[in-house]
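Colleague: structure here, sequence nowhere to be found:
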C-alpha cells in the first residue's frame with residue numbers, strides 16, 4: 001500500500017513541491033560532507049601507513065589503538081593483541097567497527113543520512129521518492145537500534161584518545177614538548193568529547209528511567225549537564241568530522257615527510 005503523500009485519502013497534488021526556496025541546498029551540503037568523510041576515511045584505513053610520528057608520539061585517531069604486530073614500532077601503546085595482518089586488512093579494523101558503528105547509528109547522522117542520501121524526505125513539504133515505508137523494524141535498519149551499545153565502545157575509545165593526547169606531549173629526543181600536532185590533537189579531543197557527551201544515548205544513560213530526580217542528585221547533575229550540550233549535538237557531530245580529518249591529515253603529512261611539525265616547546 002502506498003504511503004506518505006500517495007496514501008489513499010490524501011489529496012493528490014501534481015507539483016513535486018510548492019516550496020520556492022532553495023530547500024535542496026542543506027541536504028546537498030550535508031550529503032557532500034558525509035560522502036567526503038566516508039571516502040576519505042575508507043581510503044585512509046586501507047592505506048595502513050603514515051599514521052605514527054615516532055619523534056613526537058603522534059598517533060592518528062583513525063589508527064588508535066594499533067594492536068597488531070604489523071603496526072610500526074612504537075605505535076602500539078596497548079601492546080600487540082594480534083599477529084601480522086595481511087595487506088588487505090586494515091590495522092584499525094576494531095577502531096573502524098566501533099566508531100563507524102557509533103556514528104552510523106547516531107540519531108543525528110541517521111537524520112542527515114535519510115535526508116541527504118536517501119531523500120526520505122529531503123526536506124519538509126518535499127515528498128520522498130520511496131513508494132513504501134517499513135521504518136527501522138527490518139534488517140539492516142533494525143541494527144541502528146544498537147546505538148546505545150556502540151556508545152559504550154565510543155567511551156572506551158575516547159579514553160584511549162585522551163591517552164594518545166597525553167603521549168603527544170613528547171619532545172624530540174625525549175622529555176616534555178609541545179608542537180602544533182599536540183594542539184591539533186587536543187582540539188580534536190575536545191570536539192570528540194563534546195560530540196560523545198552530547199549524545200542522546202548518553203543523556204538517557206545518565207538520567208533516563210528515573211522517577212524522581214531528587215533521590216538521585218548526582219545523576220540529575222550529569223543529566224542537566226548533558227541536556228545543555230544535547231541541543232548542539234548536530235553541530236558537534238559535524239565539527240568533530242572535520243577535526244578528525246584535520247588531525248589525521250596533519251599526522252599523515254608529518255609521517256610521510258611532506259613537512260615538519262611546528263614546535264612550540266622542545
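Modeller: Received it, and whenever you're ready, just let me know what you need. Since this is a predicted model, take the numbers as computed values, not measurements.
Colleague: for the stretch 1-150 of the chain, just list every one of the strands.
Modeller: Secondary structure of the stretch 1-150 of the chain (DSSP state E, counting those that start in this stretch): strands at 52-53, 58-59.
Colleague: got the contact list for the first one?
Modeller: Taking contacts as Cβ atoms under 8 Å, 6 or more residues apart in numbering, the residues outside strand 52-53 that touch it are 58-60, 63, 66, 71-72, 74-75, 181, 251, 254-255, 261. All C-beta spots, glycine's among them, are computed from the backbone N, C-alpha and C.
Colleague: with the last one instead?
Modeller: Residues external to strand 58-59 that are found in contact with it (Cβ under 8 Å, 6+ apart): 51-53, 66, 75, 77, 164, 167-168, 181-182, 185, 251, 254-255, 261.
Colleague: note down every partner strand of it and its orientation.
Modeller: Under the criterion DSSP bridges, strand 58-59 sits next to strand 52-53 (antiparallel) in its sheet.
Colleague: and which of the contacts of strand 58-59 is nearest residue 108?
Modeller: residue 185 (24.0 Å; Cβ to Cβ).
Colleague: that closest one - how many residues pack around it?
Modeller: By other Cβ atoms under 10 Å, the residues close to residue 185 number 26.
Colleague: where's it relative to residue 163, distance?
Modeller: Using Cβ to Cβ, to the nearest Å, residue 185 is found at 11 Å from residue 163.
Colleague: can you pull the pLDDT of the nearest residue to residue 46 once chain neighbours are set aside?
Modeller: Among residues not flanking residue 46 along the chain, residue 90 sits closest, at 5.7 Å (Cβ to Cβ, 6 or more residues apart in numbering). Residue 90 carries a pLDDT score of 93 in this model.
Colleague: my guess is residue 90 contacts residue 51. True?
Modeller: No. Residue 90 lies out of contact with residue 51 (Cβ atoms under 8 Å); the separation is 10.6 Å.
Colleague: ok so, going back, rank the contacts of strand 58-59 by pLDDT and give me only the lowest.
Modeller: In this model, the minimum pLDDT among the contacts of strand 58-59 belongs to residue 77 (87).
Colleague: next up, the contacts around that residue.
Modeller: 59, 64, 65, 66, 160, 163, 164, 167.
Colleague: got the phi and psi for it?
Modeller: The phi/psi pair for residue 77 (degrees, to the nearest 10) reads phi -60, psi -30.
Colleague: which among the contacts of strand 52-53 gets closest to residue 241?
Modeller: Using Cβ to Cβ, residue 60 comes nearest to residue 241 of the contacts of strand 52-53, at 14.5 Å.
Colleague: pLDDT below threshold where in the protein?
Modeller: Within the chain, the ranges that satisfy pLDDT under 70 run 1-7, 9-15.
Colleague: mind listing the helices for it?
Modeller: Counting by DSSP state H, one finds helices in the chain at the ranges 25-47, 93-104, 107-116, 147-167, 180-197, 200-207, 217-229, 233-256.
Colleague: could I get the ones you listed in JSON lines, plus columns for distance to residue 86?
Modeller: Shown next, in JSON lines, are the helices of the chain (distance: least, Cβ to Cβ, whole Å):
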{"stretch": "helix 25-47", "distance to residue 86": "12"}
{"stretch": "helix 93-104", "distance to residue 86": "11"}
{"stretch": "helix 107-116", "distance to residue 86": "31"}
{"stretch": "helix 147-167", "distance to residue 86": "24"}
{"stretch": "helix 180-197", "distance to residue 86": "30"}
{"stretch": "helix 200-207", "distance to residue 86": "35"}
{"stretch": "helix 217-229", "distance to residue 86": "41"}
{"stretch": "helix 233-256", "distance to residue 86": "22"}
